[in-house]
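# No sequence on hand, only this structure:
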């Protein structure tokens, strides 16, 4: 019997909190569960949540004393974060998917209200046969479904700033994971006939400021999707309805929403240095217990969280409950998708002592999530650099520790 | 190059409809896509669909001339069907998951409005340690996430009755597929300590009529989940909030919703003959093109649909476009989950002739979906038996043909 199995079998015996639940006389407990019988319209065309469920997106907040440039603070309400503390499994419900408004600092936050019958997707530039598709035509083409995360390049960087809320939603909620369905971009490019001198793809959205981004043709011919469905239904308006790019593993702002134009070119129109410079992960975070939560008392808990890598599949997640002195392998939810959130879980019996919880993941390339100190060495900066007022950094992915106090309250332990 | 690859490369050339889209002068087409820029509240806590998306559940309808017992017709509005014609990938959005109200014929359709803080799950009967869990306690236990379909045993049987609407939603919409998260029932049973003489599990819900069902302990120790989350958020009220059973592969009514009691016993309290008698599938249906839809004209289309088996994973789906004379292997969306919907796809160029489309699947055991004639031989009945007024049959899973007319309209070809 391996340690996990043994832990599973014994979790009630080891746990005062739960062991206390084994009752002797259960007769009365089998009585009616409280709960009003509610009359429902059996034709309910599109169901709603229980009135007891309140999980919600919110804006990422920046307290006034945060040492960060004001132009970024202006943009704060452009970052709408996913409640990762409430997540289960690997699918993010579409109504809770994070949203970034790229319109620019100080602009009102808008999204286009597109009638799909009027929408067109144009493919042109260095191609033999320019093509225009209606949505109906696009949906007739050979399609695929793939589960991928999207993450904003700026996710998690507020986790090093004292004074922020320090919840997993506020600090890490700019990542979400969906089952996307659409047409491989490679198929559309092959149909259009990419010319020899082509080396870049440029994508443009139908929003007011025409959000546009470039990426290498090599990536466009690899795993990029022209997606029209998310988790089994049309993509939500704020996430690109009726059609968007999904560029797996790469910072979210490249995955142009409300996609209306693909231009094949021999140069980039917006900056791009290398895949590595725009790749997300290797990264993981514990979602329970996490900042702002409170453990009701000593006993058995399942530590759980998410791990992901823009470079492929997660192979291993280790969890430490003693501030990094010792590590245990967490269970990974199978199947593990490439460039997707991976759910990990570890049994833990909390004895009421102060504890620092953290996770460390490894992807299929062998890349390991570093500590903040290691990440600083990699970048040649000191620890304070990350908190400086003048630096706008991306792809922040050190090991993120949570401290559990003796009282059971959980806090961000990055600062 | 295999036939599928060749088909993919050539679909535009073969298709008059789409080939006509290759435009010469594209300058004007790159202009502004119509669509009002809409101001949104960036804090939108729980997002909504586009106003152009209207996919909806509806009641399964029985026209008055349907040759079927009136007591079943009374129950018609207890069957709320999923719009499979709008499905993409394998996840059914939770607001569109099918619902069956089991309260009984003629009863109003109710579901309990449960406050999770008041809800309790009791495990008792032939166990050493009876246990009661609050929802908070249940959610602290070791959990798993698994993607499984649920299907009503009565799904698809209306497909043989002339006069029904003949859409894939009306005929086959009592199946849906979700990522479920919860605690393995086996873990709870081990903690409670199942006694030697135990051989059955009895589950009871907190709805007004205490829906209850029995199943063998052997199944309970296998892959049954005590689930509290569906597609990344709490289960919806009409599907069992805050906790339900998910019994993979078995007719849906056994997966007791609003679960409040598990009793271990040495006999069943409700009927059960064998796994095979209650198992769903091996089954598949084409969701596009399907009954009630209309193809706008000859040209390239992707035929797509869903296949599933209560006995394990789908290994193969074949599609015929000529009424069953010839068959081609469809592409299966990877990964293929056991006891889950599996998305299949096949490229097809419709030349405008009358066509009969149908799919045939094979599962990991080698079980093949039969024709209606073959199914009749298996059951020792004649074809008219299925349409008789006095027969209440379940687990109906013959090959389901759709006829495409020269005009492009699509009809149920079961009768």
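Perfect, thanks for sending it. For clarity, every value in this text was computed on a predicted model and none was experimentally measured.
# Could you tell me which residues of the stretch 301-415 of chain A lie near chain B?
Listed as neighbours of chain B in the stretch 301-415 of chain A under the rule Cβ under 8 Å from any Cβ of the partner chain: A:301-302, A:304, A:333, A:335, A:337, A:343, A:345, A:347. Bear in mind the C-beta positions are built from the backbone N, C-alpha and C, glycine included.
# Low-confidence regions, chain A specifically.
When residues are selected by pLDDT under 70, those of chain A lie in A:1-43, A:63-77, A:103-109, A:163, A:389-391.
# Can you pull up the most central residue in it?
Geometric centre of chain A, nearest residue: residue A:175, 1.9 Å, by Cα atoms, centre = their mean.
# thinking that residue is in contact with residue A:151, fair?
Yes. Counting by Cβ atoms under 8 Å, residue A:175 sits close enough to residue A:151 to count as a contact (3.8 Å).
# Now the terminal residues of stretch A:239-248, how far apart.
Across its full length, stretch A:239-248 reaches 15 Å between end residues, using Cα to Cα, to the nearest Å.
# what do you get for stretch A:280-293?
Its first and final residues considered, stretch A:280-293 spans 27 Å by Cα to Cα.
# does any part of it sit near chain B?
No. Among the residues of stretch A:280-293, none lie within reach of chain B under Cβ under 8 Å from any Cβ; the closest is 8.8 Å away.
# which of the residues of the stretch 301-415 of chain A next to chain B count as buried?
The neighbour-count test (16 or more other Cβ atoms under 10 Å in any protein chain shown) applied to these identifies A:301-302, A:304, A:333, A:337, A:343, A:345, A:347 as buried.
# what about residue A:340, which SS state?
Under the three-state scheme (DSSP: H, G, I helix; E, B strand; the rest coil), the conformation of residue A:340 reads as coil.
# Oh, that last question was meant for residue A:123, not what I typed.
When classified by three-state DSSP, residue A:123 comes out as strand.
# Please report the distance of it from residue B:203.
Per Cβ to Cβ, to the nearest Å, residue A:123 is found 54 Å from residue B:203.
# just residue A:195 next, same as before
According to Cβ to Cβ, residue A:195 stands 63 Å off from residue B:203.
# now residue A:119
Summarising the geometry, the distance separating residue A:119 from residue B:203, computed by Cβ to Cβ, is 48 Å.
# Show me the common contact partners of residue A:175 and residue A:151, please.
A:280, A:308 (Cβ atoms under 8 Å, 6 or more residues apart in numbering or on different chains).
# Could you pull out the buried residues of stretch A:396-414?
Applying a neighbour-count criterion of 16+ other Cβ under 10 Å, one finds A:396-404, A:410-414 buried in stretch A:396-414.
# What about residue A:243, how many residues nearby?
Other residues lying near residue A:243 total 28 when counted by other Cβ atoms under 10 Å in any protein chain shown.
# That one: what's it in contact with?
Residues near residue A:243 by Cβ under 8 Å, 6+ apart: A:119, A:121, A:135, A:138, A:182, A:226-228, A:235, A:258-259.
# how about the helices in chain A?
Secondary structure of chain A, counting by DSSP state H: helices at A:3-14, A:16-19, A:70-74, A:135-138, A:168-172, A:185-192, A:217-220, A:275-278, A:372-379.
# and the residue in the stretch 201-350 of chain A that chain B sits nearest to, what are its bridge partners?
Proximity of the stretch 201-350 of chain A to chain B (Cβ to the nearest Cβ) peaks at residue A:229, 3.6 Å away. Here residue A:229 shows beta-bridge partners residue A:181, residue A:234, assigned using DSSP bridges.
# Might one say that it is in contact with residue B:88?
Yes. Counting by Cβ under 8 Å, residue A:229 sits close enough to residue B:88 to count as a contact (3.6 Å).
# Quick check: residue A:369 vs chain B, distance?
Plainly put, residue A:369 is 22 Å away from chain B if you go by Cβ to the nearest Cβ, to the nearest Å.
# mind checking how far that residue is from residue A:289?
For residue A:369 relative to residue A:289 (Cβ to Cβ), the value is 19 Å.
# State the phi and psi torsions of the closest residue to residue A:378 other than its chain neighbours.
Distances taken as Cβ to Cβ, 6 or more residues apart in numbering or on different chains put residue A:370 closest to residue A:378, at 6.6 Å, once the chain neighbours are dropped. Phi and psi for residue A:370, reported as degrees, to the nearest 10, are phi -90, psi 160.
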